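S.K.: Here you go, sequence then predicted model.
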Amino acid sequence: IGAQYSWLEKDLQKVDRRATPWVVASWHTPWYNSYSSHYQEFECMRQEMEGLLYQHGVDIVFSGHVHAYERMNRVFNYTLDPCGPVYITIGDGGNIEEIDIDHADDPGKCPSPGDNQPEFGGVCHLNFTSGPAKGKFCWERQPEWSAFRESSFGHGILEVVNSTYALWTWHRNQDAYGEHSVGDQIYIVREPDKCLLQPRGVISQDW
């Protein structure tokens, strides 16, 4: 177990969910990403640490790196799971590298397993075991865990309403704050009682 894992494990264990019902995590490179850019780039980190977040009921994960917007359905180990976090990629604040527009499921846009090398660590790419990418490196359509994606520069606002509801709103930068200016909006709902009996151990490596 590495120092980063040990630190995160101890930090999550300190959280009293009666006082702090919402737990939001953030790091740079997304674990779940259906764009060709940086596709599965930090798969090693996901394999090692996703089970820890799941075990402690992390609600939302924000990442950047991919210069586009994507919101996931609740997911764990590439499978829809009501007890998994909502992953949101919001690396679309704008920069000189321009916006990412190609998806890994677009015809001819699937990167090779040798592409998207991480800056640190090895390569742990995996083929998927079910769904539209079974036996392949990429999908043939938008994966079911990818709820909404758009190649626009934008910014988001997270409003915690109470211990059960949080409102997430994403705005395109070019839109005015008018009546119809919302690009993506969803209430994220916490239902921890439904997850108490769920198996919440570490990821099995028997792929």
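M.R.: All right, it came through fine.

S.K.: now the strands for this structure?
M.R.: Assignment of strands within the chain using DSSP state E yields the ranges 24-26, 60-63, 69-72, 75-76, 79-80, 86-90, 146-150, 154-160, 165-172, 182-189.

S.K.: looking at the ones you listed, which has the lowest confidence?
M.R.: When mean pLDDT is averaged over each of those, strand 79-80 scores lowest at a mean of 90.

S.K.: and that one, how far from the chain's centre?
M.R.: Mean-position distance between strand 79-80 and its chain equals 12 Å (C-alpha atoms, centre = their mean, to the nearest Å).

S.K.: partners of it in the sheet?
M.R.: Take DSSP bridges as the rule and strand 79-80 pairs in its sheet with strand 75-76 (antiparallel).

S.K.: list the helices and strands the helix of greatest length in the chain packs on?
M.R.: The helix that spans the most residues within the chain, counting by DSSP state H, is helix 43-55. The elements that helix 43-55 packs onto, with contact taken as 3 or more C-beta pairs under 8 Å, 6 or more residues apart in numbering; DSSP states H and E, are helix 3-13. Every C-beta, even on glycine, is put in place using the N, C-alpha and C of the backbone.

S.K.: okay, the strands of the chain in JSON lines with distance to residue 108 and mean neighbour count next?
M.R.: Converted to JSON lines, the strands of the chain look like this (distance: least, C-beta to C-beta, whole Å; neighbours: other C-beta atoms under 10 Å):
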{"stretch": "strand 24-26", "distance to residue 108": "33", "mean neighbour count": "15"}
{"stretch": "strand 60-63", "distance to residue 108": "26", "mean neighbour count": "20"}
{"stretch": "strand 69-72", "distance to residue 108": "20", "mean neighbour count": "25"}
{"stretch": "strand 75-76", "distance to residue 108": "26", "mean neighbour count": "21"}
{"stretch": "strand 79-80", "distance to residue 108": "27", "mean neighbour count": "13"}
{"stretch": "strand 86-90", "distance to residue 108": "23", "mean neighbour count": "24"}
{"stretch": "strand 146-150", "distance to residue 108": "18", "mean neighbour count": "19"}
{"stretch": "strand 154-160", "distance to residue 108": "27", "mean neighbour count": "14"}
{"stretch": "strand 165-172", "distance to residue 108": "27", "mean neighbour count": "17"}
{"stretch": "strand 182-189", "distance to residue 108": "27", "mean neighbour count": "16"}
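
S.K.: Chain neighbours aside, what residue packs nearest to residue 181?
M.R.: residue 175 (4.2 Å; C-beta to C-beta, 6 or more residues apart in numbering).

S.K.: Show me what the lowest-mean-pLDDT helix or strand in the chain is in contact with.
M.R.: Comparing helices and strands within the chain by mean pLDDT, DSSP states H and E singles out strand 79-80 as the least confident, with a mean of 90. Contacts of strand 79-80 with the rest of the structure, by C-beta atoms under 8 Å, 6 or more residues apart in numbering, involve 73, 74, 130, 144, 145.
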